[in-house]
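>>> quick one: sequence and predicted model below, then my questions.
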Amino acid sequence: MEKSCSLLVHFDKGTPALANEIKEALEGNDVPAKVDAMKKAVMLLLNGETLPQLFITIIRYVLPSEDHTIQKLLLLYLEIIDKTDAKGRLLPEMILICQNLRNNLQHPNEYIRGVTLRFLCRLNEVEIIEPLIPSVLSNLEHRHPFIRRNAILAVMSIYKLPQGEQLLADAPEMIEKVLTSEQDQSAKRNAFLMLFNCAQDRAINYLLTHVDRVPDWGELLQMVVLELVRKVCRTNKAEKGKYIKIIISLLNAPSAAVIYECAGTLVSLSSAPTAIRAAANTYCQLLLSQSDNNVKLIVLDRLNELKSSHRDIMFDLIMDVLRALSSPNLDIRRKTLDIVLDLIMPRNVNEVVLTLKKEVVKTQSGELEKNGEYRQMLIQAIHSCAIKFPEVASTVVHLLMDFLGDSNVASAMDVVVFVREIIETNPKLRVSIVTRLLDTFYQIRAARVCSCALWIIGEYCLSLSEVESGIATIKQCLGDLPFYSISEEGDAADPAKKSQQVTSITVSSRRPAILADGTYATQSAASETAFSPPTVVQGSLTTGNLRSLLLTGDFFLGAVIACTLTKLVLRLEEVQPSRVEVNKASTNVLLIMVSMLQLGQSSVLPHPIDNDSYDRIVLCIRLLCNTGDEVRKIWLKSCRESFVKMLSDKQLRETEEIKAKAQISHSQPDDLIDFYHLKSRRGMSQLELEDEVQDDLKRATGEFIKDGDDANKLNRILQLTGFSDPVYAEAYVTVHHYDIVLDVTVINRTKETLQNLCLELATMGDLKLVERPQNYTLAPESSKQIKANIKVSSTETGVIFGNIVYETSNVLERTVVVLNDIHIDIMDYISPAVCSDAAFRTMWAEFEWENKVAVNTVIEDEKEFLDHIIKSTNMKCLTAQSALEGECGFLAANLYAKSVFGEDALVNVSIEKQADGKLSGYIRIRSKTQGIALSLGDKITLKQKGGS
């Protein structure tokens, strides 16, 4: 960190070379050995060794060598050795290398000349450079472009030195001449770069005189032109119009890099609709023409930024963005769908949904391993379109119902949830959806999907024919009763007969199943061959799907079947005039329920029926035997009403979020109003006029001055030393994603000058100091602003500590003032985020780090405590408000947040009110990394007490 270094080479510390060995190899005549020795010498020097004894050996034996590799290594060696003494004066032996460098600059070989010129770019010693200047300038007119382009760079770096303007007073003029006559693209780019850095007016002048030829310049030069345009437009906004024309002309360049930069420059400089539209079109063009996935992801990020600032222009490009779905990469598809779903309007929804339908159909035919996951994404996208615009639901719902039997359970689950919502919100589609659901019900293979589909059948089969076909479908999927034979129960109870089981007329299947709590159970099922033999494999269609699932011991599904059949019979009583038919259906249903209970209590299955499911099925049996009007109302109306309430709550939450976004005020009531038609046009083009109007609008709506909340700024100032210390220091901490910037104000409170004042910092946690602190001299009672940059590599709480060290003229030893510690808060890295319940559960099961914090608080209200935790942790509550209402003495809620590094933080709050009014329970935090889990836990422990 002490010296600036222009060279980085990996060095293996395992076997350090000895200086004597290097010396011997350099004195010999073996060229490969010399090359090897020079490499070792360079590495040792880079690693902090000094090797003073090698210098004369190298001058004597290496300098005269004609080998190009040795000459290149010699220049690297000269680049990194110390050329000055402790006082900054040039070492006398350095004069020895001057003559060699001059010879190299006039060498007949182009390579030697070129690398020597390149070496001069990294040389800061004026005494060495001064005698070489005539040779450098003569190389500007060399016939070979390699030499010319390096000579231009050498002139630029010499001119940039502190005394450069005295050494090369007319450099910009010479380079401008070179630029007008130069033909080589790289040399031209270097010459323009030199003018851009050292004489900006000349560069601008050259650009504006050759403005018509800019599109024909090479890619490298065009990139520098764009950089110049950006710089000029930021400093001189009035001139922006003519430069924007240059950018627009470059949008048709053949190089993808140039047009990407053009689009970015346009967006940063102008808000004119024409300019933004041109930039967005360019991004869409890159999205389709580039094959690299990383490029596509970067371009999608740019489009996403445009979407948030210029929505109205992005609406027209929605179909172009959708074409990115042709990429097989899931991240690209996910990003594309996110952008598109945010841009859907009544005028484009039909086109979008049509494209999504085509993509869904494609996922059926292809054999790609990620097809299931992609289909799930598409189904969710179509779902959100259909909820926003109910009129498109009719075109997609029947296509999606083909996927109810999908082998990817998550995607089938999404379909059934979508169908459930559509059937309630679109009354016109009810009859067709119910008919289709009954036709395809036998294909459903997953228990969760079956449960949801059964609920739909129970709630929405309203007419006589629908109710009858609903009961018939369920009976058909359950197969013939009973579910097992008496003889099998005997076999299962008697282990001696186990061996005969395979050859007898019964079929039994055993395999491990994972239960809901994550434990394993052995599935076993048997049935007499007189009935259809159940092969208890999820995907078989030989037996009814409900029967297969029941025989694996899924009695929760059994309870759902019982409830659905009960609802259907209660409804049949209302719509069927014939009592005989009703009684017949009722007895059939009772028989099914009793058979399920029998199966649950038999020894055929390794696990008996659980108590909840048993109680539920018994309740259904009692209900069918004795129905009261009050109970009938609960079963036939209340269930639906609670579902409708859930949907309206969800809708209410979404509209509230949209309203909250819309309420952010952009302008003040007394702001200046800009009249577009009263503007003087002074020969401006349409684009320039648009741009000026947009700038005025931005100024009026306060978009230029995004004032970082001043009160908030004051909260971030930390006092580092006491008021009575000779040096007072305070820091303003800014956390920006991967960087922390400390802006430290140091005030000298004494009447004497402080010399060599240095702010020394050290860090704990995943924080790294970027630069070494400098020394300053502070006059009496004056102040100094010192900036320190710190890099952050993960989300966890870090600590910065340190001290201020200084000397005064009358005291010999250094004085140290110890600073307060600065704690970097995890809250600066995490922000509230939203995810679906299913995604939350999946992550909860996958993440290995858990931190469990016991509740210890003076707050006595459950809801108030939850709000306090949400506020303290900067997280979003995923549990709906309606689920948290009411007084029941306990509360459970899920919170979610995302860090700037893309990590997820999950929190589950479970609390209960004790008899004495105090709250008890646990807050569990889960994350993929240990840092978040521990830091969030510490934060909650610190803040949960509450109270004043």
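The structure has been received and is ready for your questions.

>>> most distant residue from the middle of this structure?
The C-alpha centroid of the chain is most remote from V580, which lies 63.6 Å away (Cα atoms, centre = their mean).

>>> and that one, how far from L572?
12 Å (Cβ to Cβ, to the nearest Å). (C-beta placed from N, C-alpha, C; glycine too.)

>>> now do the contacts for the residue farthest from the centre of the chain.
For V580, no residue meets the contact criterion (Cβ atoms under 8 Å, 6 or more residues apart in numbering).

>>> now do it, the pLDDT please.
Listed pLDDT for V580 reads 87.

>>> give me phi/psi at the residue lying closest to K913 once chain neighbours are set aside?
Residue nearest to K913 in three dimensions, not counting chain neighbours: G889, with 4.5 Å by Cβ to Cβ, 6 or more residues apart in numbering. Per-residue torsions, G889: phi 90, psi -10 (degrees, to the nearest 10).

>>> so what pLDDT did G889 get?
With respect to pLDDT, G889 scores 81.

>>> does it touch I911 like I think?
No: assessed by Cβ atoms under 8 Å, G889 is found out of contact with I911, at 9.6 Å.

>>> okay, those two: which has more neighbours?
Between G889 and I911, counted using other Cβ atoms under 10 Å, the more crowded position is I911 (21 against 10).

>>> measure that one to A883 for me?
14 Å.

>>> number of residues surrounding A238?
Other residues close to A238 by other Cβ under 10 Å number 7.

>>> can you check R89 too?
Neighbour tally, R89, other Cβ under 10 Å: 9.

>>> show the pLDDT at it.
So, for R89, pLDDT stands at 81.

>>> now swap in H607 and tell me
pLDDT, H607: 84.

>>> how about it: what's its closest non-neighbour residue?
G553 (5.2 Å).

>>> ok, the closest residue in space to L636 that isn't next to it in sequence to V589 distance?
Distance criterion Cβ to Cβ, 6+ apart; nearest residue to L636, sequence neighbours excluded, is L570 at 5.9 Å. From L570 across to V589, the span is 10 Å (Cβ to Cβ).

>>> who has more neighbours out of these two?
Applying other Cβ under 10 Å to L570 and V589 shows that V589 carries more neighbours, namely 24 against 20.

>>> and that one, that's in a strand?
No: assessed with DSSP: H, G, I helix; E, B strand; the rest coil, V589 is helix; it does not lie in a strand.

>>> what about the closest residue to it other than its chain neighbours, which SS state?
Among residues not flanking V589 along the chain, L565 sits closest, at 4.4 Å (Cβ to Cβ, 6+ apart). Following three-state DSSP, we place L565 in the helix state.

>>> what sits against L565?
Taking Cβ under 8 Å, 6+ apart as the test, what L565 contacts is I471, I474, V589, I592, M593, C620.

>>> between those residues, which sits nearest R143?
I474 (91.5 Å; Cβ to Cβ).

>>> mind listing what's buried in the helix or strand hosting the closest one?
Here I474 is covered by helix 464-478, with elements defined by DSSP states H and E. Within helix 464-478, the residues scored as buried using 16 or more other Cβ atoms under 10 Å are E466, V467, E468, S469, G470, I471, T473, I474, K475, C477, L478.

>>> pull the most distant pair out of the residues you listed.
E466 and L478 (18.8 Å).

>>> now the nearest residue to T282 once chain neighbours are set aside: how far from L478?
Excluding its sequence neighbours, the residue lying closest to T282 (Cβ to Cβ, 6+ apart) is A263, at 4.1 Å. Plainly put, A263 is 61 Å away from L478 if you go by Cβ to Cβ.

>>> could you do M319 as well?
48 Å.

>>> thinking again about what came up before, contact partners for the residue nearest to K913?
G889 touches E862, E912, K913, counting by Cβ under 8 Å, 6+ apart.

>>> you'd agree the last one is up against F865?
Think K913. No: taking contacts as Cβ under 8 Å, K913 lies outside contact range of F865: 10.0 Å.

>>> higher neighbour count, these two?
Comparing K913 with F865 by neighbour count (other Cβ under 10 Å), the higher total belongs to F865, at 23 against 19.

>>> got a list of what that one touches?
So F865 contacts V855, T857, I859, I911, L919, Q944, G946 (Cβ under 8 Å, 6+ apart).

>>> state the pair within those that is farthest apart.
I911 and G946, at 12.4 Å, using Cβ to Cβ across the contacts of F865.

>>> and what about M345, helix, strand or coil?
Taking three-state DSSP, the label given to M345 is coil.

>>> once you drop chain neighbours, what's closest to it?
M345 sits nearest to F315 (Cβ to Cβ, 6+ apart), 6.1 Å away.

>>> what is the neighbour count of the closest residue to D554 other than its chain neighbours?
Excluding the flanking residues, the one nearest D554 by Cβ to Cβ, 6+ apart is A447, at 5.1 Å. Using other Cβ under 10 Å, A447 has 20 neighbouring residues.

>>> in which helix or strand does A381 reside?
Using DSSP H and E, the element containing A381 is helix 371-388.

>>> the residue nearest to H607 sits in which helix or strand?
G553 belongs to no helix or strand, assigned by DSSP H and E.

>>> and it, backbone torsions?
According to degrees, to the nearest 10, G553 has phi 90, psi 20.

>>> repeat that for D725.
Given degrees, to the nearest 10, the pair of backbone angles that D725 has is phi -70, psi 150.

>>> thinking it is in contact with N748, fair?
No: D725 is beyond contact range of N748, at 10.7 Å (criterion: Cβ under 8 Å).
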